[in-house]
Each structure stands twice: as C-alpha cells, then as structure tokens.
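Peer 1: Okay, structure incoming, though there's no sequence with it:
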C-alpha cells in the first residue's frame, strides 16, 4: 500500500534546459501583465510564474562553511483574494549562531496604459520579527498591488547549519508555471536526495565543475517542473505534506582528503545508530539509579512478566505528566523530569524503556514521526520527532507503549503517533522497522430498547460500549469535558433528543471497555402523516449525510484505525397501530475486503428488531477506491433512512 | 515623592493583611457553591493601580487561582505584555498542591519571551510568559507581577469574573490617582449586587467582590460585558504614547484625537490629487464623488496590519499609503478621508468596535475605546459609513461587522457619538423562487433563483470569487438535506449598486424520494430547510440575544410524477410570536403540480433567560415544519 501512496523517483528524468531568460527577475512582459486569469486554472487567485532556487556553499572569513540558498520568485496576482500573496514571510532558525536572511529586488509591476510601471519595495515595507530567541521572521509587504499586478522578490539565506537542508517544494496552494531548484555541493559532501509527491519532477544528471574561487570541485544537480497544479485540501487526509511534491536533502557523509570518510546518515540503520549514540538519547536510557528504589517498591510481589509490564507502564503514566513537547531526545534529562514529574516525549518514554529493562523485560525505544510531522520517508535524523517504547515478545511480535497519555494502553498509542512505521533500536544499536498502524478492529456496540407512544414520541434506554481505540478516543475527548457540556453536545448531535439518567462506567479502568448508558425521549424521529406513522428504525443513530460528497479524490482516505460498529434495536410500536411495511434486509461489502454493511430487520409481535453492523477493515484506504467507498456510503445511508410504515388500525 | 510613598505603603500593608487572613491555599476551604460549573476558582485576584502622575501608572497584581481540572488551565494567566512604554518590574509564580504545600517556584529568569503579531505583519508588543505543566489536580497557582507604564490612557477595566466556568472567592481592585488628573469610573451590572462592595476615596476607588458563582457558556448568550459585572475607568488628564491628553466629554476627546493624531496626516501628493480630480471631473453630487473615490481606494489599496509605536491610534501618513498601496484600518480610513478632502467632500474618521457581536461606545463615559476605524460621510443629513479595509464591499454597505452600534465620529471641531446603520429584519432578505420535478424513480431535478440583501448579502457576496470546487462544497452543504446532490449550474451575480446578490442554481439528485413499499415520501421544502434547533439547557442561566433579524420568502413549484395520488401532505402552518413569524402554504394547482410558499421572519431582541425555552420551542416547530413530508402512492 505504501508504494501506492508515495512515488519516489530518484534521478529518473533526462536533462532539460535551464536558465532561460523567461525565468529571470526583472524581465516582466506586457503579455504577462495583461493576463486576466490563469490559462489552466481559471479560478486561481494568483499563480507562481516561476520560482527559482539554488543552494550552494561559501566559506566565511574564519574558514567555516556557509550554506547559501537564494530564491527568486515571480507571482502574478489575478484577483483581490490573491493580495495576501503580496505579503511574504520567511522564517529561520538562529539557535545562537549567525544566520542571515535578507530580501532583495522586491518589485511590483503594473500595466499603466501600455507601459510597465515598476514600484520598488523600500525599507518601510520590510520587517523583522523575532518570535523567540531562536526563531525569527523576515517579512515584506509589496507596494502598489492591484488585480493584474506581478510581484517579484528574491531572498537569500546564509546559514552555518548545513546538515539538513530546507525542504524544497515544487507544489503550492496556487498553480506554479515553472519551479526549478539547483544544488551545488562541494566534493567533500554527500547528500541523500529524496523526492516525495506525485509529480514527475525532471532532474539532470549530476555535473562536476571546478570552483576556481574557492579551489575545489563541485557537483551540480538541477531539478525542474512546469505547469504544477495547486495542491488542494481534502477531508480525511492524514497530513497534506505527505502528498505534496518536494525535495528533501540530508548530509549523508563527508570526505576530506586528510581525514577520510565520515558517515552521517546513509541508511536507516546508521541513522538509528547515530541517534542511539546521542548523549541525550542513549545515555538517558542507561541511567537507573534515580528510580530504582521507587520501582523496587512497585514491583515487589509481582512475579509475572505481564503484570510487571503493566505495573511499570501504569507507574510511569501516573507519575509523569507530558509537557506537550515533542522530540526523541531529552530536554532536561530523565532524572530531572522524574523528580519534577514533568517531561517531554523522550524523557517519559525513554524512562519507561529504562524501567522495563531494569525489570529484565526486553524493551526498546521506537523512533516515530508524528502525523503532523509527516511520513519519515528517507534515512535522516530530522525525519523523526517522537519516540515510544516497544516490548519484544517471544512470538516475534512487539507491544507498543506510550506513557505520555494517561488513557493509553499497551498497543493503544495516541493518534498523533499512528503514522505508518517507526524504527526500533535495540541495545546493540541494530534497528528494525515496526508497523505502527492498528490492525485490529476497534469495536463499538450499541444496544437500544425503545418504545413509541401514540403521539410519536420515542422513549428508551441506550447502552454503548467502546473498545480499544474507540474507548481511547472517548476517554480522551469526552471524559475531560464537564458532563453537562457533553450532554449538550449529544443533544445537539441528535437534534430533538432529551437525555436523562446519563452514566458512564470504567472511566478509569482502562482494562475494561468504556461504557455509557442513558435514557432518552425523542420527538423528532417519528413523523405522522395522515393516518400513518413513519420512522427510520435506527432512530437517532440514522446517518443522514454522506461524508464523501466530492466526485473524485486525489489522496488516500484516512480512517485512523479499522473499526466495527454494531447496533441492535428493539422497538415497541404504539397501541392502535400495526406495521404496514418494513425496510428489507441488506448486506453489502466493498471490494478487496475494505468494509461491509449488514442490516437485518424483523418483526416479533409488537416489536421491531433491527441489527446493523458497519465494518471498515483498514486504517487507510487508497484514493483508487474512493468511488467504491462513496457508493458504499450512499447505499448504506439509503438503507438506514428507509422508513418503517405504521398504520392506524 | 514623599507624598506618594504613603498611600503606596498603606496599600501594600492592606494587601498583606487581606491575604494572611482570608486565603489559605488548601482546596478543602473552597465553598461548595463555588465549585459548581467551575473548572477553576479564583481565590484572590487583587489589582492595585497606583497612578503617580499623568505619565506613570504602576499595576500590582496578585492572583491566586485553584485549577480544579484540565479545562481550568485557561483561567490561570501567567503572562504579561510588554513594550517600550510598558515595563515589567517583577513577575513570579508559585505552585501549591491541594494541601497548600508549595511544590514549585518560577522566577522571572525562567519566563519566556514571545512576540505577539497575531496576524499583523509587525508589532511592538511582546509577551513574557511562564509555561507550566501541572503534575496533579487540583492545584493552586499564585501569580504576582508589577507593571509600570506611561500609557495612563488605558486603565484596565475590572471584571471580578473574567469569563465562563470560573468562580471567584475574592476579587479586589484598588485605584489611586492624584486628584488633579480627574479619575472617573463607571459601573455596569453591579446594582444591588450584595456580593460587591465599593469604597470611594479622594482620587480613587476600591471594589471588593466575594463569592461570585461561575457563569456557564450558553448559546445565544449576549456579549459578556452586557450582563457580567464590570467597571470601566479612566482619567480626564492622561498620557498616550508620550502625548498628553485631556478630555471630560467626547467632544473634547475627539478634538484631542483630531489635533494630535489625525491633523497633518492627510497630505496627498500632487500627482494623485490631479488623478482623482480628473476621475471626478465635473461631478457635483457629493455622493457620486464619494462613490468614485471609494472605488479608487478599493482598486488601489489592500489591508495589511501594522502595529507599531503609536500605531495603536495614529494612522500612517496618507502619502505613505498612497505610495505603498496598503495600510491598516486606520491608515486606509484616513487615506480615504484625505482623498475626499481633495475633491471637497467632507468626511469623518470614526473609531468603532468591529465585531459581529455588537459592542457600543459608552455615550457618557470618555475613554480610549474601540478596535477598528471606518469613515463617516455625511450627505444630505444622512450618514454613509465606508469600510475602507475591504476591496469588495459595496459603497456605504456595513454588514454585520460594524452595523447598529455607537461609534466615535471625529470631527475637526470635536468628537460625537453616533449610531451606525441598523438593519431591520426586512432589510436582510432572502427571496427564493424556483421549481423542482420528481420523477417516477424519485429523482429530483430543479432550479432556484435566490436573491439576498442586507446581512444575507453580507454572508454571500464573497461567493463570486470562489472557485467552482469551493462553490460546489458550499452548495452541497447549503442543500445538505438532499443526498447525492449534483450541481448542474451555478450562476452568481453581485449587484453592488443595489446591494443584491443573486444565485441561479440548477440541481439534480438521485433518489430524493426513493419509492419504498409503493410509496414516495419526501420533504416538500427541498431548498431552504432550517433544521437547527437551539441547544436545550437543563437550566438556562444567561439572558439571550438574537442580534439581527432576517426575512426569508420561498415560492416553489413542484411537479409530481405521473400516475400518483397524494396520500397525505403537510398542513398549512402559521406561527406568530415575539421571536418572529413563520408561515407555509401548500396549494394543489392540479393533480401533478403543487405550489409551496414559505415565509420566515425572525426579530432581533434581548431576552430574559425565562423566555429561552419558548424561543427553543418556536425554532423546534419551524425545524419540524421545514422537514414536513408529503406521501405519494402509485395509482393501481
């Protein structure tokens, strides 16, 4: 499935021409200014006419390497809604070192009569915002922008941080006619280059050339693409960045004639090994003295391995409080975090690993890239931003643990960590890939017993049971909410319902399913028309709106986890009525075992019995199956909305 | 200096004594009624404001908050803003566990700095804040700070209760100013409140509130300041960003703003003067001239927020806006004013609260208020209000951001409080006329022409620039009662002259009235169903407000398939009450054609909480009738 999602293309395409005059700043044409709408996307508010980036190395006066990136952009503004493109900002990390970012050649062009009018940006349109000690923005607001204007600007970033280059995007929220990028790398450095997204980016074979000024050879590679569509947001998408076309580069190794070769990151194994060797990672795993006494007390009289795992996990979850910071390396260190009972992800989960190992359980850290961070696509240290714990079981399976959330359980990770695969690093610094996506179906079981009175009011009792991820989500989202507020939300969701006697069970007992029960009265379900009464027998659980409205779909559909929802209803009909007709049963399934819907209905005396089951068998479904999924929902909703017809006798 | 020292010392002593007596940090001491509906309890919130001179104000804060659960975290504010004229003299935090034992102390050096641009391209303001991750609940946080500022134009308002789901054990506000600066205050919603006491003294006042229970957040609640107790405060003689000011009434205040902040900012370069004079030509009608200028501004400029220095109130120079082609609300309003001046049309810079939730300037209390600027153009005894930050709004159209509220109009001779345009329900119309056909399979196909005005225009005129993808999304959600919807045609027209927006739409959908058991059942009102019913509250606490009214009229012709008989159809309905009127009529034109007419009007109003359930019932009936079904049976 993964290959379907991410097209990885490496240097596949042939050489193409670069550096045409068309893509130089200052050469705006009257035709470009006259253009009223984008020829291929007439609704576009603006378009990138070209974006031209290059990255190369320089040496400062103290003979340190400086990574220089220059970006030149020309943007056409078609509509007023595109004015925001005339305000540009670039953020940069300073982190205590000298990093410079500056704008040049920022100009607005307008057509006045048949002449090109040029307005330059002056210093009063340029701003610097120091957001924190380590992070700043340079911003510009271009002058004199109107519908039809063309704006141009260039910015240059000079930084001593050259291990991880900034990602270069080929795709933007507006169409881009031409995007190119050129890297010039000294012979001493080897970068891994990875592309992601669906677009066929052209690239040239690397060319060697002499830098006479600095006296070394360089390798030049160019990438380009024309006519890039705007990237558009779709519902049920994990992280749009996973599907946006871009290039990512990371320093793999260096080679200096005197020192020989030094490797930074060449494959996942090496990356993992390097991370393990970090003081703030590996060393933090070794320390045990800070918790030994406490943990001995916890583990006293617990002989079984499984119970020891649970005891340790519960101990860390209850003692530690996550400060909502990500990262796979420790910030204040496990010792201090333990003492203060507050830590980042690494502090909490590395501490967990250390405790499990102390209890002689085969536990290891697993590096993860969160959903918001995107998919870790190629071997590089920056690809990860999170770490969880894994226990290796005898049957070769692993059990995943994350103690940053109180409601987590073994193999129930917080949703933020559910992002394809992670990498588990063992004590010997070897590592393997671990699947993170849940495979088991999280169940939800709903039982309703109801009766309808002669006025059409439905009263009844509901019992809902939530399992696994459903239980986790419920505890995370609803248990933290004041009860009235939750009930108000529920009454909003099921328009017309009045909920009483609401109670929950197993709020804190995570080993059991989360339970919810309530009584209800609903006056909006049954419709009296003439001497008949009509209602959908799934009552307020009837879904009425198809979540998939779009005709087509570009990106995979993310359900987060596989699920199974089971409903059963027993509905007693009112006195003085008899059943005239019932909906017919239905069983439908999607191709490739994607999911199914089963609906059964029968009559037993004055009672109508309905059972329904909805199954979605994968956490993530490729876009190819979108139409299947949409039609499945359509058929399912139609069935759910079919009415029982009652007749007055 | 000596004179000043004394009240300060007394105040501090007073503070110490209060704390020692009344507040212990243990959670067990919190009265039960204060925990109801509360996620946090303010044990003490004391602000001592000492104004030493027109240019110096020191605000000392001590707040003790017990956070009961995660949702209460928002009620601990562990930060202070600072800028060149706003200095943080001290700031610190202590955390106590539920037994009152200190568990953490956070000193100034552990606070972090952040710039607060919040959508602005640039700002001077910075925030010093403390990041605390709780290790247990409940816990108590003690926050203390001392701020010194020269901006005496803004004395913080006093809200003993800051917001929802927080209760207050004790809140104290002490203000002391030299008598000659003219300290003044005004109380709201505090009458006959036994929980709040006041002590007046020369050049100052003290308020104390004890045991205030929490407010609940509820839908349709009016703006918080309209029902929660609060006090606004100010000085007749103040300083703002280095400028001295004095005003006892709005006329004086407006005069001060005019001569200190507006005067001299309106120079327009010769070239532009010539250009706009040429554009206006021989036109004599001031309204037509104003329209020409407004269009010129809309075509030339864009809104960019710049919050620097005196930028909080002083607009950027008109000639800079002319050169750059952008500015914030003040800059663009002032620029339009300057251009109108060139063509001899008088207009007035106006300060207002911009927000769909209305807020008025106080007619009888002068202070620096407002968050937005618009332009008032008087023509023939009528005021036209121009929103200068929008490149799209029709001339003189306000929409819901600045309508129907008191604003400060700044004339050269002084300020004046004037109410902006009010939209009556009959101004906010949506008239829909159309038809639809149901075929034998229950598919629907139809078209509708919707014309909108007033605030209903306001919520739609932006559609004309949306991409077809986005429009499809908008209409699929507008007609969300029709599943499987396909939009065959979307034709939009924005008539800016008449301020009317037309939507000409053709739709179809399969199985809208899918036959089951030999019957077809479907909602007659396919195009304009209002299904939302206001939230039910077991116990309504707050008053409620319908801020604006509207008027909808629908007229739809329905073609039924051949060979069916109407088994049942919705009755005609008429509802009338304080909240509005609703009427439907379904007429049978012939055996295959029906005519459906629907009128729905809502009235604006501010109501007591007792009326809420009636309002809900009214809306429930509408939702029910909007979804009323017709039943067709196939002829045998």
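Peer 2: Nice, I can see it. All figures in this text were calculated on a predicted structure; none of them were measured in a lab.

Peer 1: so what's residue B:21 scoring on pLDDT?
Peer 2: pLDDT, residue B:21: 35.

Peer 1: Check residue A:14 too.
Peer 2: Looking at residue A:14, the pLDDT reads 31.

Peer 1: Low-confidence ranges, the stretch 151-300 of chain A, go.
Peer 2: A:265-266 (pLDDT under 70).

Peer 1: Can you name the residues of the stretch 401-550 of chain B sitting close to chain A?
Peer 2: B:465-469, B:472-473, B:476, B:480, B:483-485, B:511, B:514, B:516-517, B:519, B:521, B:531-533, B:535-538 (C-beta under 8 Å from any C-beta of the partner chain). (Glycine included, C-beta is placed from N, CA and C.)

Peer 1: among the residues you listed, which are in strands?
Peer 2: The strands, defined by DSSP state E, take in B:485, B:519, B:521 from these.

Peer 1: which one of the residues you listed is nearest chain A?
Peer 2: Checking those against chain A by C-beta to the nearest C-beta gives residue B:521 as the nearest, at 6.3 Å.

Peer 1: Name whatever forms a beta bridge with the closest one.
Peer 2: residue B:631 (DSSP bridges).

Peer 1: show me the contacts for it.
Peer 2: By C-beta atoms under 8 Å, 6 or more residues apart in numbering or on different chains, residue B:521 lies in contact with A:529, A:534, A:643, B:513, B:629, B:630, B:631, B:632.

Peer 1: Next, the buried residues of stretch B:59-75.
Peer 2: By neighbour count on 16 or more other C-beta atoms under 10 Å in any protein chain shown, the buried set for stretch B:59-75 is B:59-69, B:71-73, B:75.

Peer 1: would you list the contacts of residue B:521 in TSV and tack on distance to residue B:34?
Peer 2: Below are those laid out as TSV (distance: C-beta to C-beta, whole Å):
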residue	distance to residue B:34
A:529	52
A:534	50
A:643	50
B:513	56
B:629	50
B:630	55
B:631	56
B:632	60
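
Peer 1: Distance to residue B:444 and neighbour count added to those residues, as JSON lines?
Peer 2: Shown next, in JSON lines, are these (distance: C-beta to C-beta, whole Å; neighbours: other C-beta atoms under 10 Å in any protein chain shown):
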{"residue": "A:529", "distance to residue B:444": "19", "neighbour count": "18"}
{"residue": "A:534", "distance to residue B:444": "19", "neighbour count": "23"}
{"residue": "A:643", "distance to residue B:444": "18", "neighbour count": "21"}
{"residue": "B:513", "distance to residue B:444": "7", "neighbour count": "24"}
{"residue": "B:629", "distance to residue B:444": "14", "neighbour count": "19"}
{"residue": "B:630", "distance to residue B:444": "13", "neighbour count": "22"}
{"residue": "B:631", "distance to residue B:444": "16", "neighbour count": "21"}
{"residue": "B:632", "distance to residue B:444": "13", "neighbour count": "23"}
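
Peer 1: mind listing what residue 531 touches?
Peer 2: Just so you know, I chose chain A. Residues counted as contacts of residue A:531 (C-beta under 8 Å, 6+ apart) are A:647, A:648.

Peer 1: try chain B instead
Peer 2: Applying C-beta under 8 Å, 6+ apart, the residues contacting residue B:531 are A:495, B:481, B:623, B:626, B:627.

Peer 1: By neighbours, which of the residues you listed wins?
Peer 2: residue B:626 (21 neighbours; other C-beta atoms under 10 Å in any protein chain shown).

Peer 1: Wait, that residue touches residue B:527, no?
Peer 2: No: applying C-beta atoms under 8 Å, one finds residue B:626 not in contact with residue B:527, separated by 10.4 Å.

Peer 1: re the thing from before, out of the residues of the stretch 401-550 of chain B next to chain A, which sit inside helices?
Peer 2: Under the assignment DSSP state H, those contribute B:468, B:469, B:472, B:473, B:476 to helices.

Peer 1: any idea how far the residue nearest to residue A:318 when sequence neighbours are not counted lies from chain B?
Peer 2: Nearest residue to residue A:318, sequence neighbours excluded (C-beta to C-beta, 6 or more residues apart in numbering or on different chains): residue A:406, at 7.4 Å. With distances taken as C-beta to the nearest C-beta, to the nearest Å, residue A:406 is found 11 Å from chain B.

Peer 1: I'd say residue A:406 and residue A:316 touch.
Peer 2: No: between residue A:406 and residue A:316 there is no contact under C-beta under 8 Å: 10.5 Å.

Peer 1: between the two, who's got more neighbours?
Peer 2: More crowded of residue A:406 and residue A:316, by other C-beta under 10 Å: residue A:316, with 26 against 16.

Peer 1: Skipping its backbone neighbours, what lies nearest that one in space?
Peer 2: Using C-beta to C-beta, 6+ apart, the closest residue to residue A:316 is residue A:403 (4.2 Å).

Peer 1: can you pull the contacts of residue A:46?
Peer 2: Taking C-beta under 8 Å, 6+ apart, one finds A:75, A:76, A:77, A:78, A:79, A:82, A:85, A:174 in contact with residue A:46.

Peer 1: Can you report how many residues neighbour the fourth one?
Peer 2: Same thing as residue A:78. Quick note: residue A:78 (other C-beta under 10 Å) scores 22 neighbours.

Peer 1: Please list all residues in contact with it.
Peer 2: A:35, A:36, A:37, A:38, A:44, A:45, A:46, A:47, A:147, A:148.

Peer 1: what's the span of stretch B:156-169 from first residue to last?
Peer 2: Taking C-alpha to C-alpha, to the nearest Å, the first and last residues of stretch B:156-169 lie 21 Å apart.

Peer 1: Go through the contacts of residue A:46 and name the one nearest chain B.
Peer 2: Each of these was scored against chain B by C-beta to the nearest C-beta, and residue A:79 proved nearest at 5.8 Å.

Peer 1: picking that back up, okay if I get the contacts of residue A:78 as TSV plus secondary structure?
Peer 2: Conversion of these to TSV gives the following (DSSP: H, G, I helix; E, B strand; the rest coil):
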residue	secondary structure
A:35	coil
A:36	coil
A:37	coil
A:38	coil
A:44	coil
A:45	coil
A:46	strand
A:47	strand
A:147	coil
A:148	coil
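
Peer 1: ok, those vs residue A:488, which is closest?
Peer 2: residue A:45 (39.0 Å; C-beta to C-beta).

Peer 1: How about that closest one: what's its closest non-neighbour residue?
Peer 2: Closest residue in space to residue A:45, ignoring its immediate chain neighbours: residue A:82 at 3.4 Å, by C-beta to C-beta, 6+ apart.

Peer 1: wait, is residue A:138 part of a helix?
Peer 2: No: counting by three-state DSSP, residue A:138 is located in no helix; its state is strand.

Peer 1: For burial, what's the neighbour tally of it?
Peer 2: Neighbour tally, residue A:138, other C-beta under 10 Å: 19.

Peer 1: again with residue A:464
Peer 2: The number of residues near residue A:464, taken as other C-beta under 10 Å, comes to 20.
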